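Colleague: Any chance you could fold what I've pasted below:
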Amino acid sequence: MAPLHTIFQLFSWFAKQAKTQGTIFSQKGEELKKTKESEQILNILVGERKETVAIAKPEGGEGPPVAMQLAEGWMIGELGHLSGRFTVVGQVDQVLFPGQEFPTMRIARGAPATNVELKALREMVQHFIEPSKAFEIAVSEDDISIIGPALWLTPITIFR
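Modeller: Just a heads-up that it's a prediction; the model follows:
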């Protein structure tokens, strides 16, 4: 999983625990209000479909990174189990040339990405950079996109 999406998964879990009284992560008052506000920002970034971006590195020779969006509803098993070596069969949707940027998350889905949208996404991601350090996960505003040379694909199947 891409580092930023790993943080999103962790934060979603935490926010659920914070709203549930009786857990060690339960929150109240202003603290809970701030967590709920951050959760709203997260829901804008991730969307209602709960999709996660994964970045794969080809084996067997040099090749560009391959990024793909994984929909939780189509997964058998947990996203957290996606580590190690896998075979991916998919359709290439976008070939990114050197320096070309393709957003891995969107605010205005269904419309072409604009510089204004990318700037807004980078500003939103700023809220997650410092907290991610506590989990030893390096998150930066550059995580909102993949920069070529790279491939963006729609996965058909992923298996070991």
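Colleague: After the helix or strand hosting T6, which helix or strand is next?
Modeller: Using DSSP states H and E, T6 sits within helix 3-19. Remark: after helix 3-19, the chain's next helix or strand is helix 29-46, criterion DSSP H and E.
Colleague: and that following helix, which residues are buried?
Modeller: Neighbour counts over helix 29-46 (16 or more other C-beta atoms under 10 Å) mark T35, S38, E39, L42, L45, V46 as buried. All C-beta atoms are positioned from the backbone trio N, CA, C, and that covers glycine.
Colleague: The fourth one and V116, how far apart?
Modeller: Between L42 and V116 the computed distance is 20 Å (C-beta to C-beta, to the nearest Å).
Colleague: The fifth one too?
Modeller: Distance of L45 to V116, computed by C-beta to C-beta: 16 Å.
Colleague: cool, the first one as well?
Modeller: Counting by C-beta to C-beta, the gap between T35 and V116 amounts to 28 Å.
Colleague: Where in this protein is the helix or strand with the lowest mean pLDDT?
Modeller: Lowest on mean pLDDT, DSSP states H and E among the helices and strands of the chain sits strand 51-56, with a mean of 83.
Colleague: circling back to that earlier point, can you list the buried residues in the helix holding T6?
Modeller: Residues P3, L4, H5, T6, I7, F8, Q9, L10, F11, F14, A15, A18 are the ones in helix 3-19 that count as buried (16+ other C-beta under 10 Å).
Colleague: need the contact list for the first one.
Modeller: When contacts are counted by C-beta atoms under 8 Å, 6 or more residues apart in numbering, P3 is found next to S132, I137, A138, V139, D143.
Colleague: Give me the pLDDT for the residue nearest to the third one when sequence neighbours are not counted.
Modeller: Distances taken as C-beta to C-beta, 6 or more residues apart in numbering place P3 nearest to A138, at 5.9 Å, with adjacent residues excluded. The predicted local distance difference test score for P3 is 82.
Colleague: What lies in contact with the helix or strand hosting M68?
Modeller: If you go by DSSP H and E, M68 is part of strand 66-71. Contacts with strand 66-71, where a contact means C-beta under 8 Å, 6+ apart, come from 2, 49-58, 79, 82, 88, 90, 102, 104, 146, 150-155, 158.
Colleague: I appreciate the help and will end here.
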